[in-house]
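# need coordinates for the below:
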Amino acid sequence: MKNVIFNFFYLFFLFILYLISIPFLIYLSFKKKYKKSIPSRFFLINNPPFTKKLYYFHACSLGETKALKPLIEQFDEVNLSVITNTGYAEAKRYKNVHLRFLPFEIFLPFWLKPCKTLVVMEAELWYMFFYLAKRRCNKTVLLNARISEKSYPKYLKFKWFYKKIFENIDIVLAQSEEDKKRLLNLGAKNIKVTGNIKTYFNPKITTEFIKKKPLIILASTHKNEEELILSELDLNKFQVAVVPRHPERFDEVYNIMKKYGKMERLSEKFLMENGKWIMKNEKLI
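Residues are numbered from 1 along each chain as shown. Here you go, the predicted model:
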């Protein structure tokens, strides 16, 4: 009875928040970054429920979707949902996947269908998602679970809420012992430390560059970080590779780097062609 009352008020709060946010969501849906994800997630446009009862995987964005690929390939077919356009574009390349965007939580009571096992990546802790899956699927698993030291205090402020989420998760596979301690304190149970599955891959060499100088890699950078670091480096002594966190920033970062001298750029860009996201290899000198 307590869960029924909590769920009613939880969904009611989200519904009010949703109504207030509709104008902002419509505005964002015209931006390239959200052009497909927002209509799918918040208005269910071209985003119907899964039709088959299969193993169901969920990831947020590009990195998490890539990390799931070796697991997904062990099955003849799976259901997979994502949050971002980049995650969706990556998953479109997988042959054995029924792909959707995960809808906003108010839609899940009638969108989420029974599955064999729900496997969710890292910190995608959606209360209604796990609550419904616990009752409609055979098992619920949080894979590659992590709580960073920086974000941990924020989680603690809502410990009571996360405890309710973990009540609906059968198995938690954590990245490290530190993550396990934090997860236990938030109410998680049945935790096993399995390491970070993103490190399980054998890297493949796709391009070789002659290293004339020591190489510095600026990885997963965000806005303003590239220029802040590049301005302090002696580029006569080092080669520098910049890898922006978000692919849609490639052009922006390239224009910043042009101010610092000659360079070679090899990148993968996400482009929209004929209404579909595709990958395009591009080399600029």
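# as a quick check, tell me the outermost residue of this structure.
Distance from the C-alpha centroid of the chain peaks at Asn236, with 37.1 Å (C-alpha atoms, centre = their mean).
# what comes up buried for the helix or strand where Phe57 lies?
Here Phe57, judged by DSSP states H and E, is contained in strand 56-58. Within strand 56-58, the residues that qualify as buried by neighbour count (16 or more other C-beta atoms under 10 Å) are 56-58. C-beta here means a position set from N, CA and C on the backbone, and glycine is covered the same way.
# same list as before, those that is, but in a markdown table and with distance to Tyr18 and pLDDT included.
A markdown table is the format used below for the buried residues of strand 56-58 (distance: C-beta to C-beta, whole Å; pLDDT from 0 to 100):
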| residue | distance to Tyr18 | pLDDT |
| --- | --- | --- |
| Tyr56 | 24 | 98 |
| Phe57 | 26 | 98 |
| His58 | 20 | 98 |
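# nearest to Ile20 among those?
Minimum distance to Ile20 across the buried residues of strand 56-58 is 26.2 Å, recorded for His58 (C-beta to C-beta).
# residue contacts, that closest one?
His58 makes contact with 80-82, 102, 118-121, 124, 129 under the criterion C-beta atoms under 8 Å, 6 or more residues apart in numbering.
# one more time with 7 Å, if that's ok
In this structure, His58 makes contact with 81, 102, 120-121, 124, judged by C-beta atoms under 7 Å, 6 or more residues apart in numbering.
# what's the answer for Gln175, then?
Residues 144-146, 195-196 are the ones in contact with Gln175 under the rule C-beta under 7 Å, 6+ apart.
# what's around Val172, how many residues?
23 (other C-beta atoms under 10 Å).
# listing partners with orientation, what would you give for the strand or helix carrying it?
When elements are defined using DSSP H and E, Val172 is found to belong to strand 171-174. Within its sheet, and counting by DSSP bridges, strand 171-174 is paired with strand 139-145 (parallel), strand 191-193 (parallel).
# who's in contact with Tyr162?
Tyr162 sits in contact with 125, 155, 186-187, where contact means C-beta under 7 Å, 6+ apart.
# swap in Leu54?
77-79, 115-116.
# give the buried subset of these as a PyMOL selection command.
A single PyMOL command selects the buried members of those (16+ other C-beta under 10 Å):
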select buried, resi 78+79+115+116
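# for Asn79, helix, strand, or coil?
Three-state secondary structure (criterion: DSSP: H, G, I helix; E, B strand; the rest coil) places Asn79 in strand.
# check what pLDDT it gets.
You'll see Asn79 listed with a pLDDT of 98.
# contacts only, for it.
50, 54, 56, 98, 115.
# pull the most distant pair out of those.
Within those, two members stand farthest from each other by C-beta to C-beta: His98 and Cys115, at 11.0 Å.
# can you give me the strands for the stretch 1-150 of the chain?
All strands of the stretch 1-150 of the chain, identified by DSSP state E, counting those that start in this stretch, fall at 56-58, 78-82, 97-101, 117-121, 139-145.
# could the contacts of Tyr162 go into CSV alongside pLDDT and neighbour count?
Listed next are the contacts of Tyr162 as CSV, based on pLDDT from 0 to 100; neighbours: other C-beta atoms under 10 Å:
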residue, pLDDT, neighbour count
Leu125, 96, 19
Tyr155, 96, 18
Leu186, 97, 20
Gly187, 96, 16
